[in-house]
Every structure is written in structure tokens, then in C-alpha cells.
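Colleague: only geometry, no sequence info:
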């Protein structure tokens, strides 16, 4: 059914050329709007359209053997697992080494000037896609607009500080250096005397 000739596979007057990188045969013409691979084309000739989420697998792992009895339909997960099981220790180690090299190269690029510029650009694109929202300041009641970060409660750091000061959320207990009594004060205050001793001064 399949005729192999000068690096091509010919089926139903369609010519499939072998891709030297992937090893698969790719059709030179569009078929239903796509350039199918030979093994998928053969499967669909016999069995109809390949369902979404499925792959056609070569049973003997020979991409030159595209006869229908050498092809089987697997889910993408099954396909990945099948190839995992058949990896030798040597191939696994080589894959691991290549992955480590890729990680080092990726890390170097992200730290480079080009990488930093790319990150800045992506950040600006991200900001451009986000819209500012309206909020009401919990301290002064003023309306303000900003990007929603989940904690937009105050229109400014000044209002935030005043709110915390007045609410007593940062209050602690200290011992007066003069009379030794306890008094409550904001933890950021430099106060070391209770009000009674301070009035005496």
C-alpha cells in the first residue's frame, strides 16, 4: 500500500517526505486543511478521525514502518508512559544531563541584560492588561483607584499609619523608668515614662 521511493513515502498519490529531525513522514500537500504525518494519515484511512487527546504509536518504534498493523491508538498519557517504560538507563542519564545543562543556560539568560529586559517587558504587558479598581479608604473615606492586590484598604501609607496608631493594633506595655508602673504605648513610640511622670516633668 505504501511505496517508498527516494526518501518519500507515496500513498493515494500523496507524497510524504521524511523529516530528518523528527523521523516522521510529513505530507507535502494540505489534506483537510492540514499537512498530516504519514502514520496518522494511515490510521485515519482505516479507522476514521483520531479522537482529540489521542496519539498514534508505532508498536516497534520504527517510524519507517507505517503499516496499519504496526500502529495503535493511545491516549497522550498512555503514549508518554509507554515511552518512559522503554527508556534505557543510558538514555535517561543523557536526558538528565541535557536537562541540567538547559537549566544552567536558562538561569544565565534570565540574569543577563537581555533576560532582564524581557522580564520588564512582560511585567509591563501584564500591568497593561490589568485595570485599576475603585476603593474606599478605611481611614479617611476618600475614593482611590489602584490595581487590586487583595489588600487595598488605604489611599496612602499616611492613612494606613494613622489607622494603625488610632486602632491600637501596634500597642505594647512598657515599664515607666521613673515610677516603675506599667503603661500602654505604641511600639514605634520612643516614650519611656508614663503620663503621670511625664506631666510632673
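Modeller: Received, thanks. Source: prediction; values computed, not measured.

Colleague: now stretch 66-79: buried residues?
Modeller: 66, 70, 71, 79 (16 or more other Cβ atoms under 10 Å). For every residue, glycine as well, the C-beta is placed using N, CA and C.

Colleague: so of those residues, which ones are in strands?
Modeller: Mapping the buried residues of stretch 66-79 onto strands (DSSP state E) picks out residue 71.

Colleague: next, format the buried residues of stretch 66-79 as a markdown table and append distance to residue 14.
Modeller: What follows is these, written out as a markdown table (distance: Cβ to Cβ, whole Å):
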| residue | distance to residue 14 |
| --- | --- |
| 66 | 13 |
| 70 | 19 |
| 71 | 17 |
| 79 | 25 |
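
Colleague: what number of residues lie near residue 165?
Modeller: Using other Cβ atoms under 10 Å, residue 165 is surrounded by 14 other residues.

Colleague: do you know the pLDDT at it?
Modeller: The confidence metric pLDDT takes the value 89 at residue 165.

Colleague: quick revisit: return the member of the buried residues of stretch 66-79 nearest to residue 56.
Modeller: Nearest to residue 56 among the buried residues of stretch 66-79: residue 71, at 5.4 Å, using Cβ to Cβ.

Colleague: go ahead and confirm the closest one touches residue 56.
Modeller: Yes - using Cβ atoms under 8 Å, residue 71 is in contact with residue 56, at 5.4 Å.

Colleague: what residues are shared contacts of the two?
Modeller: Listed as contacting both residue 71 and residue 56 by Cβ atoms under 8 Å, 6 or more residues apart in numbering are 39, 43.

Colleague: so which helix or strand takes in the residue nearest the centre of the chain?
Modeller: Centroid-nearest residue in the chain, with Cα atoms, centre = their mean: residue 122, separated by 13.1 Å. Residue 122 belongs to helix 113-128 when assigned by DSSP states H and E.

Colleague: show the subsequent helix or strand relative to that helix.
Modeller: Counting by DSSP H and E, the next helix or strand C-terminal to helix 113-128 is strand 133-136.

Colleague: mind listing what the helix or strand following that following strand pairs with, with the direction of each?
Modeller: Next helix or strand after strand 133-136 toward the C-terminus (DSSP H and E): strand 143-146. Paired strands of strand 143-146, with direction, are strand 133-136 (antiparallel) (DSSP bridges).

Colleague: residues in contact with the strand it pairs with?
Modeller: 142, 143, 144, 145, 146, 147, 148, 152, 153, 155.

Colleague: got the buried residues for it?
Modeller: residue 135.

Colleague: ok now stretch 6-25, how far from the chain's centre?
Modeller: Computed by Cα atoms, centre = their mean, to the nearest Å, the separation of stretch 6-25 from the middle of its chain amounts to 36 Å.

Colleague: can you get me the start-to-end distance on that stretch?
Modeller: Stretch 6-25 stretches 13 Å from its first residue to its last (Cα to Cα, to the nearest Å).

Colleague: swap in stretch 20-38?
Modeller: Using Cα to Cα, one end of stretch 20-38 lies 14 Å from the other.

Colleague: I'd like the average pLDDT over that stretch.
Modeller: Averaging pLDDT along stretch 20-38 yields 91.
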